[in-house]
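Novice: give me coordinates for this.
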Amino acid sequence: MAVCGQQIVPHHKDKNPVDWFRPVSQPKLKRWQYSLAEFEVLDPVMKKAVCSWDDVTAMYRRNILSKIPFQKTPYCEDAIWAREAVMNGHAIVYNPAARVYHYHNEDADFSFKRCFTTIFMQYRYFGLMPQKPQMPFLGKLRMVKLLARSLLPNVNAMLKWHRYNTQNFNARKNAFFAFMEARKKGEDELDNLHTQLCGKPPVPLKTL
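Specialist: Coordinates of the predicted model:
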């Protein structure tokens, strides 16, 4: 009923070099289709993988959008739509060969809120508990290598993007801790914090 492609980041100096598109394999189609009973018994990780929809570049059959419209929500409308489509028995396809350039520079506040609402929505819709963001020594070394390979001899640019990535990583880590702390206090507290930070989540559609 629908197919989506892949977002990629061009090799532009005004975009984070750590996110530049560096393919390591040939793109392969993925097609998902389940009955409602089959989907409901999937584990949260698989549910999230099936519904990792990306509406930045996608095509839909007109009749499916009339039947299952996008919900009004501040975030994750694409994953929510994919969940409803799959739960109603429709097939969706991922075609990573269909690529589009798409990028946003993010300050720490935006990264915090985007990460918080992402893990909140994945928890609400797929039952997925977040994993604490980790940047081990090898991860830090890889980041430095990518920056050096992409930007040398411009040391100032290297330092700028190193600071950018470090700040956004810390913001994502803080979002994780905020989510976990709010969840300890109860579901109402978690809902209230999400509404305060990111807006009210939508009410899930009933399946047919």
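Novice: now the strand or helix carrying residue 171: how far from the chain's centre is it?
Specialist: According to DSSP states H and E, residue 171 maps onto helix 155-184. Per Cα atoms, centre = their mean, to the nearest Å, the displacement of helix 155-184 from the mean C-alpha position of its chain is 16 Å.
Novice: in that helix, what counts as buried?
Specialist: When burial is assessed from 16 or more other Cβ atoms under 10 Å, helix 155-184 yields the following buried residues: 157-158, 161-162, 164-165, 168-169, 171-176, 178-179, 182-183. Bear in mind the C-beta positions are built from the backbone N, C-alpha and C, glycine included.
Novice: show me what it is packed up against.
Specialist: With contacts taken as 3 or more Cβ pairs under 8 Å, 6 or more residues apart in numbering; DSSP states H and E, helix 155-184 sits against helix 108-126, helix 137-151, helix 187-198.
Novice: looking at those helices, which one is packed in the most?
Specialist: Counting by mean count of other Cβ atoms under 10 Å, helix 108-126 has the highest mean neighbour count of these, with a mean of 19.
Novice: which other residues reach that one?
Specialist: 44, 47-48, 51, 74-76, 79-80, 83, 104, 106, 128-130, 167-168, 170-172, 174-176, 178-179, 183, 190, 194, 197-199, 201, 204 (Cβ atoms under 8 Å, 6 or more residues apart in numbering).
Novice: tell me the angle of the helix holding residue 171 relative to helix 108-126?
Specialist: When axes from the mean of the first three to the mean of the last three Cα atoms, to 10 degrees is applied, the directions of helix 155-184 and helix 108-126 differ by 40 degrees.
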